[in-house]
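**Q** Sequence and predicted structure below; questions after.
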Amino acid sequence: MPVQIIVGAQWGDEGKGKVVDMLSERADIVARYQGGANAGHTVCIGDKQYILHLIPSGMFHENITCVIGNGVVIDPVALMSEIAQLRQAGVSVTGRLLVSHNAHLIMPYHKLLDTVREQTSDRIGTTGRGIGPAYIDKAMRSGIRIVDLLDRDELARKLTANINEKNQILTKVYGESKLDIEAIIAEYQDFDKQIDEYITDTSVYLNAALGEGKRIIAEGAQGALLDVDHGTYPFVTSSNPTSGGACTGLGIPPTAINDIVGVVKAYSTRVGNGPFPTELKDATGERLRTIGHEFGATTGRPRRCGWFDAVALKYSAMVNGITRIAVTKLDVLDEFDEIKVCVAYEAPGKRLRSFPTDAKTLESVRPVYETLPGWRSDIAGATSHDDLPPNARAYVEALGRITGTKVWLVSVGPRRDQTITLS
Ligand code: IMP
C-alpha cells in the first residue's frame, strides 16, 4: 500500500485530522501537499485537544515522519510557533519533520494584501492568512522559497525587490502605508538557523521512501469544493486540495497512489462566501452549528451549516477518484426527528443531477431532498456497526447508495475510540 491520499470531499473541515491520525498507525510518513496556515486540523488525544495548521496530524505518532511538501505555502512565524507548541506538549520534532526546500513562503505583505483586498473587492471570505497572494507570487515567479531562508544575501535581495513592488501596490492602489523593508529583512534573516534542520528535498526523500516500500499518507487541507480548478470558483482557496494536488504538491508519481479516501461530514458546512445549495439559514442550521461546534479552527468564524449534499459529493468523488469515504460527526444528528439528503437540484426550468461548479448557476439552484427518519438516541458510545440504531445504519447506507461510494468508516465522536470501521 504505497500512497493513500486523504482528501476533504466537501468544503473543508470534514474531520480529516482524525482520519489521518487513525491511519497513521499503519503508515511511515504523513505528507501535507497544499494550502497553508489557513487550515486547522483538530486532533483529540485522551482529554487533550491539539489544533495544527501546517504540520501534519501524523506528528502525534512517534514512528511517523511528517513532511510539508513543495505545494504548501509556509508562514515561517506560524511554523516555528507550531513546532514550539508541539515541543511543549512533549512531542519530539527533531528528525521527524521535513520541510520542502521548494515550498513558498508567506510574508507579512501577503497577509496584508489578503486583508486589504478583501476589504475593497468582492469578498471571498478568506482566512486572511496570505494564501492567495503567496500563490500569486509563486505563479508570477517572484515568490520566495524556503531554501532562500538559508542564504541571507539572496533573501535580502528578493525581499527588497518584492517589498518595493508591494509598497507601490499598497500605497497607490489601497492607500495603505509602506512596509519597512529593513525590519522585515532583519526579522526573516533570523529564521535561517531555526529552520535549517528541517529543510530538505522532500520529493527525493519521498521517492526514496517509496522505493524502500514505506507507506505514505498524503494529507490534503481544505476540501475539493474549494479547489482553485474544480471548486466553486471564485469562492475557493488558491491551491488544489483534490487528489491530483498530491502529485504536484509532493513530487510523487500518480502511479504510486492506490487509495483515495474522501472524508465527509454527515451533513455540510462551509466557511466564507460562495454558493451552498443545502445551507439552512434557520433554527435547524443553528442547531447543527451548536451541536456540531461548527466554528472555524483557524479564524473562529461560525460555519454555515446545511444538510448533506449528495450531488456535490458525487462530483467530488469523480474529480478525486475516491475509493472509499469516511463519514464523520454522525453523532451530531442524534437529536433530529428527520434528516435530509439532497439528491438533485432544481434549476429554473430543469432538474440537475450533476454539480455545476460555476458560482452563478449554483447560487440559483434549489435542493431536492430525500428525507430519512432520525434515530433520536445517543450513538457516541457505539463501537461497531451493530451498536448503531437501525435508522442510523439506514442513513449511512443511504449516503453510500445515493452517492455511489463505499462507506468505509463512521466517526461518532472526536476521540480515537469513537470510530466504527465498516469494511
Ligand atoms: P483562503 O484559503 O484563506 O484564501 O480562503 C479562501 C476560501 O477558503 C474562504 O472561503 C475560506 O473560508 C476557505 N478556507 C480556507 N481554509 C479553509 C479550511 O481549512 N476549512 C474551510 N474553509 C477554508
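**A** Yep, that arrived.
**Q** Okay, strands next: where are they in the stretch 251-400 of the chain?
**A** 257-265, 268-270, 304-306, 308-309, 324-328, 338-347, 350-352, 366-373 (DSSP state E, counting those that start in this stretch).
**Q** so which of those strands comes closest to the ligand?
**A** When the strands of the stretch 251-400 of the chain are compared by C-beta to the nearest ligand atom, strand 268-270 sits nearest the ligand, at 7.1 Å. Quick note: C-beta positions are derived from backbone N, CA and C, even for glycine.
**Q** ok, the closest one: who's next to it in the sheet?
**A** Here strand 268-270 has these sheet partners by DSSP bridges: strand 304-306 (antiparallel).
**Q** on that earlier part again, which of the strands of the stretch 251-400 of the chain is buried the deepest?
**A** Stretch with highest mean neighbour count among the strands of the stretch 251-400 of the chain: strand 308-309 (a mean of 28; mean count of other C-beta atoms under 10 Å).
**Q** For it, which helices and strands make contact with it?
**A** strand 338-347 (3 or more C-beta pairs under 8 Å, 6 or more residues apart in numbering; DSSP states H and E).
**Q** How far away from the center of its chain is the strand it packs on?
**A** 25 Å (C-alpha atoms, centre = their mean, to the nearest Å).
**Q** That strand versus strand 366-373: what angle between them?
**A** Comparing the axes of strand 338-347 and strand 366-373 via axes from the mean of the first three to the mean of the last three C-alpha atoms, to 10 degrees yields an angle of 160 degrees.
**Q** picking up where we left off before, let me have the strands of the stretch 251-400 of the chain in TSV, extended by distance to the ligand.
**A** As requested, the strands of the stretch 251-400 of the chain are exported to TSV (distance: least, C-beta to the nearest ligand atom, whole Å):
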stretch	distance to the ligand
strand 257-265	11
strand 268-270	7
strand 304-306	10
strand 308-309	15
strand 324-328	14
strand 338-347	20
strand 350-352	23
strand 366-373	20
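**Q** would CSV of these with distance to residue 180 and mean pLDDT be doable?
**A** Formatted as CSV, the strands of the stretch 251-400 of the chain follow (distance: least, C-beta to C-beta, whole Å; pLDDT from 0 to 100):
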stretch, distance to residue 180, mean pLDDT
strand 257-265, 42, 97
strand 268-270, 37, 98
strand 304-306, 38, 98
strand 308-309, 47, 98
strand 324-328, 45, 98
strand 338-347, 51, 97
strand 350-352, 52, 93
strand 366-373, 51, 98
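**Q** could these be laid out in TSV, adding distance to residue 197?
**A** Listed next are the strands of the stretch 251-400 of the chain as TSV, based on distance: least, C-beta to C-beta, whole Å:
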stretch	distance to residue 197
strand 257-265	30
strand 268-270	38
strand 304-306	41
strand 308-309	44
strand 324-328	34
strand 338-347	49
strand 350-352	52
strand 366-373	51
